[in-house]
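Q: Next come a sequence and a model predicted from it.
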Amino acid sequence: MPRLLAALLLCLTLCPLTAADDRPNIVVILVDDMGFSDLGCYGSEIQTPNIDSLAAGGLRFTQFCNAGRCCPTRASLLTGLHPHQVGVGHMTAPPGQPLGFEGPYQGYLNDNCVTLAEVLRSAGYHTLMTGKWHVGVDPAQQQCWPLQRGFDKYYGCLSGAINYFKPGGGRGITLGNDPVPTGEDWYATDAFTDKALEFLSAANHADDRPFFLYLAYNAPHWPLNAKRQDYEKYRGKYRQGWAPMMQARQAKQRELGLFEGEVTPAEHVGPQWDSLKPQQQDRLDAVMAAYAGCLDSVDQNVGKLLAHLDAIGERDNTLILFLSDNGACQEGGRLGGGGHRMVLDPPLETTDGPRIGLAWANACNTPFRKYKHFVHEGGHCTPMIANWPAGIPRGDSGGFVRRLAYLPDFMATCLELSGGEYPDDVPPCEGRSLLPLLTGSDAPIHADPVCWEHEGNAAVRHGKWKLVREYKKPWELYDLEADRTELNDLAATNADKRDELIAVWESWAREKGVAFPERFNMYEFLNRKGRKEGHG
């Protein structure tokens, strides 16, 4: 017996036990062009029980800010910097149409930044991604594709929009760095989830290292290619128009306690529903049903992901961050495009198809003004849910985070959770860790002003104050504690605060390379370039 004990002690000395890695897994679920009030837990009639369960067991943010549009948001989320700092100050350049210069508007992710995947992989995480990339698609810039920017595995669409059933026409699907075909029964929302579960299973079987999953759905971005059964579930539910939908959502938001105090909703931009012909009303019902069906499908797939995390025993120690890249999308005209026939028989291998348009987008962003492209609250404030059973105090579950937070905070949060190191040869992370807000603190994490710009639309947040401007229009000033929906412009009556924040924004813009007072617009640049070359 003494010899056996001595042998065991010697073994323990020479071969020390390794503690299990208890750092949390991190899952970021990003949806595309979803309005502020489009989830059940933010006021919607759309059935989103799985996403609502994340809110019931976690925290809902009421002042989480995006970057105004798809690819600037992705660039900021991935890097912890402002989009101008990483080369995506406007949009990503189309394949084969390089802008021909570097800097804030080069049109693809630059090498003067580090991604979440790069930081987390260096900290020992598995790094997995499925879905929409949209920060560089041209094969000539393959150095900015997912595998070259820190992801171990990637499956999805590099471009900004695809047909949900038959992606093609230069907007296909990529596995790793290679194009891959899709089958007859392929559907984007399902395929991105299924491949994510496959990646998770492989990582779970490989070793005990934690994982980072970035699941970036293209839904509900146009074209609104809903499955037939998801579409028919909502067909007819929007025949009364946008006014009753907005009123019902506002009532539910009050019931949920989404906002502190009474909030006066912004007026709808119109037209009056009764002014439309019955055929037009029927078409608009069909388009909104397709939109709702696309979101319902996302929720079904979130349910599949949650069930899988339970099955592999990783649910409790997984931080899930669910958000939208911007507000609902007004592109497609005031009344959108497409209808019943186009929903059920969408043009295949193109991105032609239904779009909800401005009137529905305005309603989807209830109670706020504006929509995608803008940094008024309707385009700029995104629903964001944090769920982490092992990390968020149980007593806080189902509650709200009412402090300002924004995209670069994801990098700071991941650094704190992973113990990873941020390199010192790129610009410092602009964010602050969300951990205090997730673990019970009510203190603000942003004491200094925070600024944004997209297409000349600009904003500053500092405490309760928001300075905001639509391109070429005067600056507006709002006290968001008293006026969350930006209805009472104080720019004239509080000129000192207005001018102070204008100076803050202009200083920030010069530092980050923002083009002003004239904006930079990639599409306008390419059109001018094409005309010049054509005349040459």
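A: Received it, and whenever you're ready, just let me know what you need. These numbers come from a predicted model, not from an experiment.
Q: Ignoring the adjacent residues along the chain, who's closest to the most centrally placed residue in the chain?
A: In the chain, the centroid-proximal residue (C-alpha atoms, centre = their mean) is D325; its distance is 2.5 Å. Among residues not flanking D325 along the chain, T73 sits closest, at 4.1 Å (C-beta to C-beta, 6 or more residues apart in numbering). Every C-beta, even on glycine, is put in place using the N, C-alpha and C of the backbone.
Q: what residues are up against that neighbour?
A: Residues near T73 by C-beta atoms under 8 Å, 6 or more residues apart in numbering: N66, A67, P83, D325, N326, L407.
Q: cool, and L407?
A: By C-beta under 8 Å, 6+ apart, the neighbours of L407 are C65, N66, A67, T73, S76, L77, G431.
Q: mind checking the SS state of the residue nearest to the third one when sequence neighbours are not counted?
A: Read it as A67. Using C-beta to C-beta, 6+ apart and skipping residues adjacent in sequence, the residue nearest A67 is T73, 4.3 Å away. Assigned state for T73: helix (three-state reduction, DSSP: H, G, I helix; E, B strand; the rest coil).
Q: And the pLDDT at T73?
A: T73 carries a pLDDT score of 98 in this model.
Q: ok, it to E331 distance?
A: 15 Å (C-beta to C-beta, to the nearest Å).
Q: likewise L116?
A: Counting by C-beta to C-beta - L116 and E331 are separated by 28 Å.
Q: quick one, which of those two is more surrounded?
A: Neighbours per residue, other C-beta atoms under 10 Å: of L116 and E331, the larger number sits with L116, 28 against 17.
Q: since we're on R334, how many residues are nearby?
A: Number of residues near R334 (other C-beta under 10 Å) recorded here: 14.
Q: my guess is it meets W360, correct?
A: No: counting by C-beta atoms under 8 Å, R334 stays clear of W360, with 9.6 Å between them.
Q: Could I get the contacting residues of the residue nearest to the centre of the chain?
A: Taking C-beta under 8 Å, 6+ apart, one finds L30, V31, D32, D33, N66, R69, C70, T73, R74, T382 in contact with D325.
Q: Quick check, pLDDT for it.
A: For D325, the predicted pLDDT is 97.
Q: ditto for L4
A: Turning to L4, the model gives it a pLDDT of 38.
Q: In a helix, M384, correct?
A: No: checked against three-state DSSP, M384 lies outside a helix; its state is strand.
Q: In the sheet, which residues pair with it? Tell me.
A: On the basis of DSSP bridges, M384 is bridged to F61, L323.
Q: That one and P98: what is the separation?
A: For M384 relative to P98 (C-beta to C-beta), the value is 34 Å.
Q: Now intersect the contacts of L407 with the strands, please.
A: C65 (DSSP state E).
Q: So among the contacts of L407, which ones count as buried?
A: Buried by 16 or more other C-beta atoms under 10 Å: C65, N66, A67, T73, S76, L77, G431, out of the contacts of L407.
Q: Now render these as a markdown table, adding distance to H221.
A: A markdown table is the format used below for the buried ones among the contacts of L407 (distance: C-beta to C-beta, whole Å):
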| residue | distance to H221 |
| --- | --- |
| C65 | 20 |
| N66 | 14 |
| A67 | 16 |
| T73 | 12 |
| S76 | 18 |
| L77 | 16 |
| G431 | 25 |
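Q: Spatially nearest residue to N326, not counting backbone neighbours?
A: Spatial nearest neighbour of N326, excluding adjacent residues (C-beta to C-beta, 6+ apart): K372 at 4.6 Å.
Q: which residues touch the one you found?
A: D33, G68, R69, N326, G327, A328, C329, Q330, E331, A361, G379.
Q: neighbour-wise, which of those leads?
A: Highest count within the contacts of K372 by other C-beta under 10 Å belongs to G327, 35 neighbours.
Q: Show me the domain layout of the chain.
A: As assigned by automatic domain parsing, the chain contains the domains 31-439, 447-536.
Q: Kindly check the end-to-end length of the longest one for me.
A: Its start and end residues considered, domain 31-439 measures 25 Å (C-alpha to C-alpha, to the nearest Å).
Q: Going forward, the N-terminal residue is numbered 97.
A: Yes, from this point I'll number from 97; that puts the last item at domain 127-535.
Q: So which of the contacts of K468 are in helices?
A: Among those, the members found in helices (DSSP state H) are A457, G475.
Q: Dump the contacts of K468 into JSON lines; add distance to D544 as well.
A: As requested, the contacts of K468 are exported to JSON lines (distance: C-beta to C-beta, whole Å):
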{"residue": "D129", "distance to D544": "30"}
{"residue": "G164", "distance to D544": "20"}
{"residue": "R165", "distance to D544": "24"}
{"residue": "N422", "distance to D544": "24"}
{"residue": "G423", "distance to D544": "25"}
{"residue": "A424", "distance to D544": "30"}
{"residue": "C425", "distance to D544": "31"}
{"residue": "Q426", "distance to D544": "32"}
{"residue": "E427", "distance to D544": "34"}
{"residue": "A457", "distance to D544": "32"}
{"residue": "G475", "distance to D544": "23"}
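Q: Identify the residue spatially nearest to P504, adjacent ones excluded.
A: G527 (3.2 Å).
Q: Quick check: the one you found touching G176?
A: Yes: in this structure, G527 is within contact of G176 by C-beta under 8 Å, at 5.1 Å.
Q: Need the residues touching each of those two.
A: Common neighbours of G527 and G176 (criterion: C-beta under 8 Å, 6+ apart): P504, F506, M507, A508.
Q: Can you mark which positions in the helix or strand encompassing the third one are buried?
A: Counting by DSSP states H and E, the element that carries M507 is helix 505-514. Under the neighbour-count criterion of 16+ other C-beta under 10 Å, helix 505-514 has D505, F506, M507, A508, T509, C510, L511, L513, S514 buried.
Q: all strands for the stretch 247-396 of the chain, in order.
A: Secondary structure of the stretch 247-396 of the chain (DSSP state E, counting those that start in this stretch): strands at 249-253, 269-271, 274-276, 307-312.
Q: next one: the stretch 447-596 of the chain
A: For the stretch 447-596 of the chain, the strands defined by DSSP E, counting those that start in this stretch cover 477-483, 495-497, 501-502, 546-550, 553-558, 561-565, 572-575.
Q: pLDDT on the shortest one, on average?
A: Averaged across strand 501-502, the pLDDT comes to 98.
Q: which residues touch that strand?
A: Contact with strand 501-502 is made by 157, 159-162, 172, 480, 527, 530, 533, 541-542, 546, as judged by C-beta under 8 Å, 6+ apart.
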